[in-house]
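Novice: Curious how this folds, go ahead:
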Amino acid sequence: MITDDTRAALARRLWDAEADVTPIAPLTDEYPDLTADDAFEIQLVNIRRKLDAGAVVTGHKVGLASKAMQEMMGVDEPDYGHLLDTMEYFEDQPVEAARFCFPRVEVEVGFILGADIPPEGCTQAEAAEAIEWVVPSIELIDSRIRDWKIKLPDTIADNASSCGYVVGQGRVRLSDIDVAAIDATLYKNGEFLAEGRSDAVLGNPLNSVGWLASVVGKFGVRLRKGDVILPGTAIRAMDAAPGDEFRCDFAGLGSVSMSFR
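Specialist: Presented below is the predicted three-dimensional model:
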């Protein structure tokens, strides 16, 4: 474990990297023994600072929850972070790519909670009971760590590499769709790019919800009614550049799009 002063200093590095759009060396280069718990405390320092500036928590995310993403990033377990109202984008509003260091998109079967989730021992059934809507979504990720050379503590400290999200118009009741069997097809600039299925996310995206509630609960973080939960992507993250337009079609759920300028 590292000291509070060290956590604060590392949080400041990440804060400045985001503000200046200038990536930094991995935190684990200097602190190879940095733990996931240390990293989440670092994340919380910057989240609290954003909340103090007026931001509002709108949800939470799980990342690196599929084999494809773990292999891509060289890790063997998921990460987790916060979603804020300042990170919300809309389908009809292009994203300014220059605001980010290395922007990438992930497509996800998202959830909107209709009830709070217990922080410990949440079963898949309890997670399902708390979900009001299943929604199509795209998460915008970005690493403030240079060249995405991350280990798990690096990305957790960096708010799980999250920086934005968009939720599509589709709303489907959980009882009306098998969330473990949703095919997703991603298009870039109108051309087929990739496809995957939702069970690539921990076997079932619902498993991410209960897992997330338990992991962050020990820090006093709760998954609340109204929260957007992004459980992870079944398709590897795709690089985004100015002029790119992404659309993902989810079988039985609808579509969602995100464009960049």
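
Novice: and P242, how far is that from P94?
Specialist: Note on P242: its distance to P94, by CB to CB, to the nearest Å, is 9 Å. For every residue, glycine as well, the C-beta is placed using N, CA and C.

Novice: Now do the shared contacts for the two.
Specialist: With contacts taken as CB atoms under 8 Å, 6 or more residues apart in numbering, the residues that reach both P242 and P94 are F260, R261.

Novice: higher neighbour count, the two?
Specialist: Shown here are P242 and P94; by other CB atoms under 10 Å, P94 has more neighbours (16 against 13).

Novice: Show the pLDDT at that one.
Specialist: Predicted confidence (pLDDT) for P94: 96.

Novice: Let me see the contact set for it.
Specialist: Each residue near P94 by CB under 8 Å, 6+ apart is listed here: S259, F260, R261.

Novice: mind redoing it with 10 Å?
Specialist: Listed by CB atoms under 10 Å, 6 or more residues apart in numbering, the contact partners of P94 are P242, G243, D244, E245, M258, S259, F260, R261.

Novice: next one: phi and psi at it?
Specialist: Summarising the backbone geometry of P94 under the convention degrees, to the nearest 10, its torsions are phi -60, psi 150.

Novice: Show me the strands in the stretch 51-200 of the chain, by range?
Specialist: When secondary structure is read from DSSP state E, counting those that start in this stretch, the stretch 51-200 of the chain shows strands at 57-63, 79-84, 104-113, 131-141, 162-167, 183-188, 191-197.

Novice: Pull the residues that contact the last one.
Specialist: Where contact means CB under 10 Å, 6+ apart, the residues beyond strand 191-197 that reach it are 66, 68, 105, 107, 109, 180-188, 233-236, 238, 246-249, 251.

Novice: That concludes my questions; thank you for your assistance.
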